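K.L.:
Just the structure for this:
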Amino acid sequence: AGFTPHPLALDLAFYLACLAYAVATAFTAEFYGFRMWGAFASAGYGLAALHTGWLLTRRREPGKRTDFLRSRRAGLAAIGVFALLVPLAVLVVRRLTGVDWLITPFSWAAQPEVWVIERSASLLLHHGTPYVDVTALGRPPVVNDYTPYGPVMALFGLPRALFGGTAAGNALTDARLVFAATAVGCAWLTLRLLGRPRVPVRAAQLAMACPLTALTWSVAGPDLAILGLLLVAGALAATDRPVASAIMLGLVVSAKLIVAPALVVLAMLVLTRLGGRALARFAAAFLAAAALLNVPVLLVDPGAFVEHVLKFPAGLGVVTSPAASPLPGYLLASTGPAGKASAFLLLGAAAVAILVWLVRRPPATGSAAMLAIAAGLGAFTLLTPATRYGYLVYPLVLLGAMLCFRRAEALPAPVPGFTSSSRG
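P.N.:
Numbers count the residues shown, from 1 in each chain. Got it, this is the predicted structure:
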């Protein structure tokens with residue numbers, strides 16, 4: 001038998017790594033929101049590390065029930081308070097000073113995507129499209145003129161567009177609160193669909209306590225809302241509700257196109273579990289939902305739709321996307337035309353490898369589907385020439401979700417849709 005590290009030792013290593021990241025962010029980040037998050041999160045991760053160290057020194061008495069303060073979940077609670085709730089509240093209030101639109105990142109209490117999505121909601125209400133014609137601004141366009149999301153993303157800004165305008169209204173309708181509420185609500189619904197399995201500590205660490213999740217929660221948030229909706233779509237497919245899953249997936253892809261690979265994985269899950277007729281219903285429902293959500297906006301201004309949703313993220317817009325995190329794809333592409341071609345070849349090879357994996361071992365359970373989606377989005381983030389390291393939150397959250405799905409599949413009483421024949 002090989003050496004197996006103690007779970008508490010792994011917890012301690014995880015929290016110390018998170019603490020180092022938070023401290024470095026607090027002292028070196030360009031953005032005000034990042035630095036504030038780093039300061040508060042350092043306290044949360046520090047408390048979690050201290051608590052875990054204390055647990056390591058204690059001897060647990062066999063048969064004695066562990067109370068909350070002596071459980072591993074107490075450290076997670078400290079992180080939830082100091083790395084998620086407190087910095088989000090502070091930054092929402094700080095944003096009321098009105099300095100976010102200045103070209104001074106050191107003063108931003110919210111990342112630009114928050115302003116952009118709130119603006120897109122106002123545009124949608126008044127003009128029928130969340131996209132501006134960047135060629136008709138009367139000035140050279142800049143990055144923040146773009147809304148590189150699908151039309152559904154604008155819905156998260158509607159509370160601000162409808163009820164903002166006062167200090168209290170602006171604080172209560174900050175898009176980050178809408179993103180956070182959506183993420184939490186979707187996590188609850190996913191667990192309910194799966195039969196309310198107890199969330200493993202390791203899953204909570206990957207999906208909630210990881211710095212990428214906590215930082216995104218505090219300064220931006222759209223990716224967490226998208227992930228929440230994606231988890232619901234996955235749970236619906238895994239519990240044999242293909243039409244509902246397809247409609248939810250239509251919402252997800254119509255908000256952020258980069259999660260489109262999940263469509264292939266969930267389609268394979270439906271095919272494996274329910275057969276070709278169910279797959280046909282799944283495909284028809286997805287196409288109908290996607291058309292209903294996108295075509296009306298496309299018809300208002302086709303050129304603006306294509307410029308914002310397709311060209312800009314692909315680096316083909318009037319303004320070049322600033323996404324340039326030093327990940328393998330970007331580093332390879334930055335060496336020149338040959339490097340850029342190599343990056344796209346690697347990305348294509350990764351896509352082919354994942355498709356072969358899906359064909360040879362099609363997912364029959366929700367956990368298998370979560371793993372495949374995590375692999376696909378992880379490969380895309382690492383290998384695409386223009387990306388942000390923050391997108392690594394997708395595979396991390398999905399891996400945490402995989403652990404929850406796996407626990408649900410192992411429940412003594414089968415959850416509807418998790419039959420013994422479908423567990424592989």
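
K.L.:
CA atoms only for the helix or strand bottoming out on mean pLDDT in the chain, dumped as PDB, please.
P.N.:
Lowest on mean pLDDT, DSSP states H and E among the helices and strands of the chain sits helix 328-333, with a mean of 80. In PDB, the C-alpha atoms belonging to helix 328-333 read as follows (Å, rounded to 0.1, in the frame of the first residue of the first chain):
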ATOM      1  CA  PRO A 328       0.800  28.000 -22.500                       C
ATOM      2  CA  GLY A 329      -1.400  28.900 -25.500                       C
ATOM      3  CA  TYR A 330      -0.600  32.600 -25.100                       C
ATOM      4  CA  LEU A 331       3.100  32.100 -24.500                       C
ATOM      5  CA  LEU A 332       3.400  29.900 -27.600                       C
ATOM      6  CA  ALA A 333       1.400  32.300 -29.800                       C
END
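
K.L.:
buried ones in it?
P.N.:
The neighbour-count criterion (16 or more other Cβ atoms under 10 Å) identifies 329, 330, 332, 333 as the buried residues of helix 328-333. Where you see a C-beta, it was placed from the backbone N, CA and C, and this is true even at glycine.

K.L.:
average pLDDT for the strand or helix carrying residue 36?
P.N.:
Residue 36 is part of helix 32-57 when elements are defined by DSSP states H and E. The average pLDDT within helix 32-57 is 96.

K.L.:
what's it packed up against?
P.N.:
For helix 32-57, the packing partners by 3 or more Cβ pairs under 8 Å, 6 or more residues apart in numbering; DSSP states H and E come out as helix 7-28, helix 73-79, helix 86-94, helix 211-219.

K.L.:
Is it possible to get a markdown table of the ones you listed that adds mean neighbour count?
P.N.:
Putting these into a markdown table (neighbours: other Cβ atoms under 10 Å) gives the following:
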| stretch | mean neighbour count |
| --- | --- |
| helix 7-28 | 17 |
| helix 73-79 | 21 |
| helix 86-94 | 19 |
| helix 211-219 | 25 |
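
K.L.:
Export those helices as a markdown table, with columns for distance to residue 190.
P.N.:
Listed next are those as a markdown table, based on distance: least, Cβ to Cβ, whole Å:
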| stretch | distance to residue 190 |
| --- | --- |
| helix 7-28 | 23 |
| helix 73-79 | 18 |
| helix 86-94 | 22 |
| helix 211-219 | 15 |
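
K.L.:
coming back round to it: after the least confident helix or strand of the chain, heading C-terminal, what element do we hit next?
P.N.:
Downstream of helix 328-333 (by DSSP H and E), the next one is helix 337-360.

K.L.:
So for that following helix, what gets flagged as buried?
P.N.:
339, 340, 342, 343, 344, 346, 347, 350, 351, 354, 358.

K.L.:
For the closest residue to the last one other than its chain neighbours, give me its contacts.
P.N.:
Nearest in space to residue 358, with sequence neighbours left out and distances taken as Cβ to Cβ, 6 or more residues apart in numbering, is residue 268 at 5.1 Å. Listed by Cβ atoms under 8 Å, 6 or more residues apart in numbering, the contact partners of residue 268 are 358, 362, 363, 369, 372.

K.L.:
and residue 268, how far is that from residue 252?
P.N.:
Distance, residue 268 to residue 252, by Cβ to Cβ, to the nearest Å: 17 Å.

K.L.:
ok so, going back, quick one: which of the contacts of residue 268 is nearest to residue 226?
P.N.:
residue 369 (16.5 Å; Cβ to Cβ).
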